[in-house]
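Trainee: got a predicted structure plus its sequence, pasted below:
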Protein chains: 2
Amino acid sequence: MTRRHPTLAIQIRDRLHALIVEQGLRPGDRLPSENELMTLFDVGRTSIREAFKLLEQEGLIQARHGDGRYLTSQPSLDRPLTRLEGVTEMLASRGFTADNTVLDVMATEPDRHQRELLQLPPGEAIVRLERLRRHRDDALLYSIDLFPRSLIGRPLDEVDWTGSLFQLLTEHGHTIAYAVAQVRAVTLSHAQAERIGTHEDGGAWLLLLQTHHGSAGRPVLYSQDYHRGTDFSFHLVRRRD
Amino acid sequence: MTRRHPTLAIQIRDRLHALIVEQGLRPGDRLPSENELMTLFDVGRTSIREAFKLLEQEGLIQARHGDGRYLTSQPSLDRPLTRLEGVTEMLASRGFTADNTVLDVMATEPDRHQRELLQLPPGEAIVRLERLRRHRDDALLYSIDLFPRSLIGRPLDEVDWTGSLFQLLTEHGHTIAYAVAQVRAVTLSHAQAERIGTHEDGGAWLLLLQTHHGSAGRPVLYSQDYHRGTDFSFHLVRRRD
């Protein structure tokens, strides 16, 4: 039982995050009571308290003795790392509205490395999609996606690329089941910073390199997502073997 | 079955990493054959090939048609993120020798936030341990660990703090079972950079904030580990709900 707590608590914490954003709660506002949340989420008191503890550890809420919990700061875009979400979906679930600019989309020949990543036969083309999410006029998330051209059987200029790529691929019969991900902390090169209109000394970015697979294990999508370090944190539970 | 592949492949990939380091293989060297590895690791050919594929995706090895796999670059300190390892243990498993400098160790009163993280009763002291791992004279990993003073019932100056903290806590009856971790990309402040003797513009650092728990769920240790971005990457498998 104790081993299950962290995961459930994290799920509830995520729902509390969403609730805070949805209800537009501001620092100083009171959160719903334990009893209200037990009813709302249909879970026990222990799980609610564990979730509160997590939010306290993040410095997001504060308990006042005998008077419930209060919001102390705005939630950052904290993302459960082991749960695979598309970027569009993740931003939406956090109540975050970021405009999505398509910097470039084109069909191209993959280089050797890209062909291996996507396990493509020689001669098969790929689509390269480069997008930028901005928030308050500043770059928030910069993405490069590569996938086999054959997955989308329509002219590229007839497709709306501003929405969820996961959803688009699903609509074309290619549902993503899991991803093998690498996480790194990087700075942007001069060229990259110029490309997305931000400062070269714009700090640290959290880079996710992911090979996305269908349920049969076939690679469907390779993505490089740069998350602005000041705005994103990811959480997960780690266990001893 | 297909859902189990990535995990097993990642385990074998880690063992291949370790083997490359242990055998001192250099770029251009040939890896053991599939048959040799099947015997060595006691697994099937599919798993070996999946692991090779992962190493190829990392750009670490290259297949030559009909002539096996060759090492193309040195492995970085790629760490399976969902498996909880202490820093000392993780570095050792990668064949990495980094000297461990104790910058500071002291017993102190926790502030309110620290007391909440470790769920301490008022008045209970903590130990604050600050350490730095250097490699080739440059800062590699900067750690601050906080744990209840009561866990180690000896004078602090009689303890060897240069080894594994996980092991030390286990020897004192406090075995760590899991951690709730947050991952961030950060730059160092001027004071931090000065503290560890590196450049303020020293690029991006991968920060892990972790609350470590015993098997009964009690918090045992809170750690802040700064990993130099150019030297560390973490990997994991992410799944759709």
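Mentor: Arrived safely.

Trainee: is it fair to say A:Ser47 lies in a helix?
Mentor: Yes: checked against DSSP: H, G, I helix; E, B strand; the rest coil, A:Ser47 lies within a helix.

Trainee: remind me, longest helix of chain A?
Mentor: Counting by DSSP state H, the longest helix found in chain A is helix A:5-22.

Trainee: buried residues, that helix. List them.
Mentor: A:5-6, A:8-17, A:19-21 (16 or more other CB atoms under 10 Å in any protein chain shown). Backbone N, C-alpha and C define where each C-beta goes, glycine included.

Trainee: looking at chain A, which residue reaches furthest from the middle?
Mentor: When distances are taken from the C-alpha mean of chain A, A:Gly66 lies farthest, 36.0 Å away, according to CA atoms, centre = their mean.

Trainee: Three-state assignment for that residue, please.
Mentor: A:Gly66 - assigned by three-state DSSP - is coil.

Trainee: what do you get for A:Gly173?
Mentor: The local conformation at A:Gly173, judged by three-state DSSP, is coil.

Trainee: now it: how far from A:Ile152?
Mentor: 10 Å (CB to CB, to the nearest Å).

Trainee: in the sheet, who's paired with A:Ile126?
Mentor: Counting by DSSP bridges, A:Ile126 forms beta bridges with A:Thr108, A:Pro148.

Trainee: can you give me every residue that contacts it?
Mentor: Applying CB atoms under 8 Å, 6 or more residues apart in numbering or on different chains to A:Ile126 gives the contacts A:107-110, A:114, A:118, A:120, A:146-149.

Trainee: and the pLDDT for it?
Mentor: Note for A:Ile126: predicted pLDDT of 97.

Trainee: next one: the one 4 residues further on
Mentor: If you check A:Glu130, the pLDDT there is 97.

Trainee: A:Arg4 now?
Mentor: On the pLDDT scale, A:Arg4 gets 35.

Trainee: got the domain boundaries for chain A?
Mentor: Domain segmentation of chain A under automatic domain parsing yields A:5-75, A:78-235.

Trainee: follow-up on the earlier one: after the longest helix of chain A comes which helix or strand?
Mentor: helix A:34-41 (DSSP states H and E).

Trainee: and the contacts of that next one?
Mentor: So helix A:34-41 is contacted by A:12, A:15-16, A:31-32, A:44-45, A:47-49, A:52 (CB under 8 Å, 6+ apart).

Trainee: which residues touch A:Thr82?
Mentor: With contact set as CB under 8 Å, 6+ apart, A:Thr82 has these partners: A:236-237, B:82, B:236-239.

Trainee: about what we covered before: what's the least confident stretch among the domains of chain A?
Mentor: domain A:5-75 (a mean of 80).

Trainee: identify the farthest-apart pair in the contacts of helix A:34-41.
Mentor: Greatest spatial distance in the contacts of helix A:34-41: A:Leu31 and A:Gly44, 17.5 Å, computed using CB to CB.

Trainee: more neighbours, the two?
Mentor: A:Leu31 (22 against 12; other CB atoms under 10 Å in any protein chain shown).

Trainee: would you check that A:Pro110 makes contact with A:Ala125?
Mentor: Yes: the criterion here is CB atoms under 8 Å, and A:Pro110 meets it with A:Ala125 at 7.5 Å.

Trainee: give me the more crowded residue out of the two.
Mentor: Per other CB under 10 Å, whichever of A:Pro110 and A:Ala125 has more neighbours is A:Pro110, with 21 against 14.

Trainee: how near is A:Thr108 to chain B?
Mentor: Distance check for A:Thr108 against chain B: by CB to the nearest CB, to the nearest Å, it reads 19 Å.

Trainee: who touches that residue in this structure?
Mentor: A:125-128.

Trainee: so which of the residues you listed comes closest to chain B?
Mentor: A:Ile126 (15.3 Å; CB to the nearest CB).

Trainee: distance of that closest one relative to A:Val237?
Mentor: Distance from A:Ile126 to A:Val237, by CB to CB: 35 Å.

Trainee: ok, now A:Ile176?
Mentor: 23 Å.

Trainee: before we move on, back to that, how about the domains of chain A in TSV, adding distance to B:Leu207?
Mentor: TSV is the format used below for those (distance: least, CB to CB, whole Å):
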stretch	distance to B:Leu207
domain A:5-75	14
domain A:78-235	8
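
Trainee: and these: which comes nearest B:His213?
Mentor: domain A:5-75 (7.8 Å).

Trainee: and the closest one, how far from the chain's centre?
Mentor: Domain A:5-75 sits 21 Å away from the centroid of its parent chain (CA atoms, centre = their mean, to the nearest Å).

Trainee: stretch A:180-198 now?
Mentor: 16 Å.

Trainee: end-to-end on that stretch?
Mentor: End-to-end span of stretch A:180-198 (CA to CA, to the nearest Å): 29 Å.

Trainee: what does stretch A:103-114 give?
Mentor: OK, stretch A:103-114 end separation, CA to CA: 20 Å.

Trainee: show me where chain A has its helices.
Mentor: Using DSSP H, helices in chain A cover A:5-22, A:34-41, A:45-57, A:87-93, A:112-117, A:165-171, A:190-195.

Trainee: which of those helices sits closest to B:Ile196?
Mentor: Closest to B:Ile196 of the helices of chain A, according to CB to CB: helix A:45-57, at 25.0 Å.

Trainee: what does that closest one rub up against?
Mentor: A:5-6, A:8-10, A:12-13, A:16, A:34, A:37-38, A:41, A:61-63, A:69, B:116-117, B:119, B:180, B:211.
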